[in-house]
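Novice: Sharing a sequence plus its predicted fold:
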Amino acid sequence: MVKDGEAPVAVEDRVRVLPDVIANQIAAGEVVERPASVVKELVENSLDAGATRISVELEQAGTALIAVVDDGEGMSAADAVLAFSRHATSKLAGVDDLLEISTLGFRGEALASIGAVGATTLVTRRRADLGGTRVVVCDSEIVEAGETGAPVGTRIEVADLFANTPARRKFLKTPATEVGHVSELLNRLALAWPQVAFRLTHNGRKLIDHTAVEDHSERIRQVLRAERSQGLLHFEHRTGSGVAHGWISTTQLTFPSQRQIFTYVNRRYVRDKVVTHALMAGYSTLLMHGRYPAAVVFLEVPFDEVDVNVHPAKSEVRFRRSGAVHDLLVQAVQKRLRADDGMRRSGDAAPPAAEAAAMGQIPLRPGGAGTTPSRLLLRPSAAPEIGSPSGAPAPPAPMPTPPPAAAVASGPGYFSGMRVLGQVFSGYLICERAEELVLIDQHAAHERVMFERLRDSQRDGVVPRQQLLVPEVVDLGAREASLLRAHLDQLTEMGFEVEEHAGDSFAVRAVPALLGDSDAATLVRDLAEDLVEIGRSRRLDEANESILSRLACHSAVRVGQNMTPEQVAALLRAMDHTDFSGHCPHGRPSFIALSRGDLERWFKRT
């Protein structure tokens, strides 16, 4: 406050406009994180330019040199200079173009950002031009521009990456790690562009050399290698929302992480919650907790139905109708797995060696060092309907072990055609079929049967509820509350009793009986948050499956319970007519098959 008679004290202005060099480096930080970021931007530009051959050369993991060479359409002299300006692009003309983006690049940031963090040289020529153009940029400044001889296409070199931003270079990983990121990037792009040849060298050594192919499955073999690609199933499914197609692994080929999952939307590689959740929901109860499939999934949706401009690196997207896209992929995966499962259960003989390899055989070593490895074949199959109409198993009765005469289950199916030899440890059935010895976990097999029966009849029945002594009130945000209101009927079908309370609050009065020990308020709040994330509730689906699997577990025949020959025959017949009977609802295998050849090798007879 200025007193009377005092001169005001000047206060220095604190808001200033950053110099272009600093502003460009800040902007580059959103696009260029490591050498692989540079390669991604340049290779995507090459693909947009219609290239059929793309070569990437690295020196010192990309810090000394990154060179990307293509045979695309090239640029004119004026375009080559203008391309280094911020937000300069040939791929957008008006605001409406943002609503239907069909190219990998579109924001015009790549070359400007790269020129801010590395000495960049561009040499380009169009097919119609007699000569090419050479442009050199250092610290975002064009230091040279002129004519030069050049082949058709474009070559861009980036030298001394992050030399002017040493803090960024300090955070780079080891050379092997950085080169690995570039390799993964090119393999991801190669999977989506089989008609384009990709080549990668590091310090003169060739690391990737994918020739152009017409057959997409051949590119799968190039990238994933023959031994892994053999275990993949091709699928395709169309709805009004779009097309889902690609390759997914059988339920026997699983991994401890999501690294073998490649998902694309309109040929753009993305890491999207909706897509990943839909893929895993398609496998549903067929994978054990913590295990993931291998998959190369392509979603083709109208360009105006997806927003690709929601992440600086364009690795995430937003769907206009995420629920419809989610259903499209879930249906595609389930349909293909069910078809594969039905084919296996309908077979009358053991699969040939090639098919067995594709189903993912796992080595089984019966002894210590020096033993001959055998093969443990885990087949995905179906589940049973035994016992009374209510689903409870028939009263247990001792089963002769071995039975007086070996029983042969009637029927042409894979399981019902087995010769039952006996029961061991009051929990495992020993069967023989063709040239296989089959061991069945009676509880796991029956549990899958009961699970599928419960799931099929759920809409006709009522899930038992547990009333809460005092209703729990859940306060939600406006968006979560709106979505939860739209799903109250589904909650009721699952055994919840939830009603609107006041404003954006809900009162939880009952929960499914088998989840009675859960925190009702937390569960409902989690359901609402999932609805916001992916347009449907992951927890809602999981909770529903948890209820059914626990009901199935309680009603299935137990380990330690002897089964009569009639019950065994009923179980085997039910397995032939139940989807995915090769797995219990928790993803564990319900049976293993050991071939005669494996036994003979085991006992040194071959």
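Specialist: Noted; the coordinates are in hand.

Novice: What is the three-state secondary structure of residue 437?
Specialist: Of the three states, residue 437 takes strand according to DSSP: H, G, I helix; E, B strand; the rest coil.

Novice: just residue 228 next, same as before
Specialist: Strictly by three-state DSSP, residue 228 counts as helix.

Novice: Surely it touches residue 294?
Specialist: Yes - at 6.7 Å, residue 228 counts as touching residue 294 under the criterion of C-beta atoms under 8 Å. Placement of C-beta: from N, CA and C, glycine included.

Novice: Pick out whichever of the two has more residues nearby.
Specialist: Neighbour tally, residue 228 and residue 294, criterion other C-beta atoms under 10 Å: the higher count belongs to residue 294, 22 against 16.

Novice: Quick check on that one: phi, psi?
Specialist: Residue 294 has phi and psi values of phi -100, psi 140 when expressed as degrees, to the nearest 10.

Novice: That one and residue 255 touch, don't they?
Specialist: Yes - Residue 294 is within contact range of residue 255, at 6.5 Å (criterion: C-beta under 8 Å).

Novice: Residue 449 contacts residue 575, correct?
Specialist: Yes - in this structure, residue 449 is within contact of residue 575 by C-beta under 8 Å, at 6.8 Å.

Novice: coming back round to it: overlap in contacts, residue 228 and residue 294.
Specialist: Shared contacts of residue 228 and residue 294, defined by C-beta atoms under 8 Å, 6 or more residues apart in numbering, comprise 253, 260.

Novice: quick one: contacts for the closest residue to residue 497 other than its chain neighbours?
Specialist: Among residues not flanking residue 497 along the chain, residue 510 sits closest, at 3.6 Å (C-beta to C-beta, 6 or more residues apart in numbering). Contact partners of residue 510, counting by C-beta under 8 Å, 6+ apart, are 465, 466, 467, 468, 495, 496, 497.

Novice: Which of those residues sits closest to residue 50?
Specialist: Nearest to residue 50, judged by C-beta to C-beta, of the contacts of residue 510 is residue 496 at 54.2 Å.

Novice: neighbours of the closest one, just the number please.
Specialist: 23.

Novice: And it, how close does it get to residue 454?
Specialist: 17 Å (C-beta to C-beta, to the nearest Å).

Novice: likewise residue 288?
Specialist: Counting by C-beta to C-beta - residue 288 and residue 454 are separated by 20 Å.

Novice: Tell me how far the longest helix anywhere in the chain lies from the chain's centre.
Specialist: Longest helix in the chain, counting residues (DSSP state H): helix 322-346. Averaged C-alpha coordinates place helix 322-346 at 15 Å from its chain's average position (C-alpha atoms, centre = their mean, to the nearest Å).

Novice: repeat for stretch 38-57
Specialist: 25 Å.

Novice: And for stretch 413-431?
Specialist: In terms of C-alpha atoms, centre = their mean, the centre of stretch 413-431 is set 36 Å apart from its chain centre.

Novice: Would you mark the buried spots in it?
Specialist: 413-418, 420-423, 426-431 (16 or more other C-beta atoms under 10 Å).

Novice: For that stretch, the averaged confidence score.
Specialist: The average pLDDT for stretch 413-431 rounds to 92.

Novice: Convert the C-alpha atoms of it to PDB, please.
Specialist: What follows is stretch 413-431, C-alpha atoms only, in PDB (Å, rounded to 0.1, in the frame of the first residue of the first chain):
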ATOM      1  CA  GLY A 413     -17.300 -87.500 -28.300                       C
ATOM      2  CA  TYR A 414     -13.700 -87.100 -27.200                       C
ATOM      3  CA  PHE A 415     -14.400 -87.700 -23.600                       C
ATOM      4  CA  SER A 416     -17.400 -90.100 -23.700                       C
ATOM      5  CA  GLY A 417     -15.400 -92.300 -26.100                       C
ATOM      6  CA  MET A 418     -12.800 -92.900 -23.500                       C
ATOM      7  CA  ARG A 419     -12.100 -96.200 -21.700                       C
ATOM      8  CA  VAL A 420     -12.300 -95.500 -18.000                       C
ATOM      9  CA  LEU A 421      -9.600 -97.400 -16.100                       C
ATOM     10  CA  GLY A 422     -10.200 -96.200 -12.600                       C
ATOM     11  CA  GLN A 423     -10.000 -93.500 -10.000                       C
ATOM     12  CA  VAL A 424      -6.900 -92.600  -8.000                       C
ATOM     13  CA  PHE A 425      -6.400 -90.500  -4.800                       C
ATOM     14  CA  SER A 426     -10.200 -90.100  -4.800                       C
ATOM     15  CA  GLY A 427     -10.000 -87.200  -7.100                       C
ATOM     16  CA  TYR A 428      -8.500 -88.100 -10.500                       C
ATOM     17  CA  LEU A 429      -9.900 -90.300 -13.200                       C
ATOM     18  CA  ILE A 430      -7.600 -92.400 -15.400                       C
ATOM     19  CA  CYS A 431      -8.800 -92.900 -18.900                       C
END
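
Novice: ok, back up a step: neighbour-wise, which of residue 288 and residue 454 wins?
Specialist: Counted by other C-beta under 10 Å, residue 288 and residue 454 do not tie: residue 454 has more neighbours, with 19 against 14.

Novice: Return the alpha-carbon coordinates of the strand ranked longest in the chain using CSV.
Specialist: When secondary structure is assigned using DSSP state E, the longest strand within the chain turns out to be strand 465-475. The C-alpha coordinates for strand 465-475 follow below in CSV (Å, rounded to 0.1, in the frame of the first residue of the first chain):
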residue,chain,number,x,y,z
ARG,A,465,-29.0,-62.3,-1.9
GLN,A,466,-27.8,-61.3,1.6
GLN,A,467,-29.7,-58.3,3.0
LEU,A,468,-27.6,-55.8,4.9
LEU,A,469,-28.6,-55.0,8.4
VAL,A,470,-28.0,-51.3,7.8
PRO,A,471,-28.0,-50.0,4.2
GLU,A,472,-24.7,-48.5,3.1
VAL,A,473,-24.8,-45.2,1.4
VAL,A,474,-22.4,-44.5,-1.5
ASP,A,475,-21.6,-41.0,-2.6
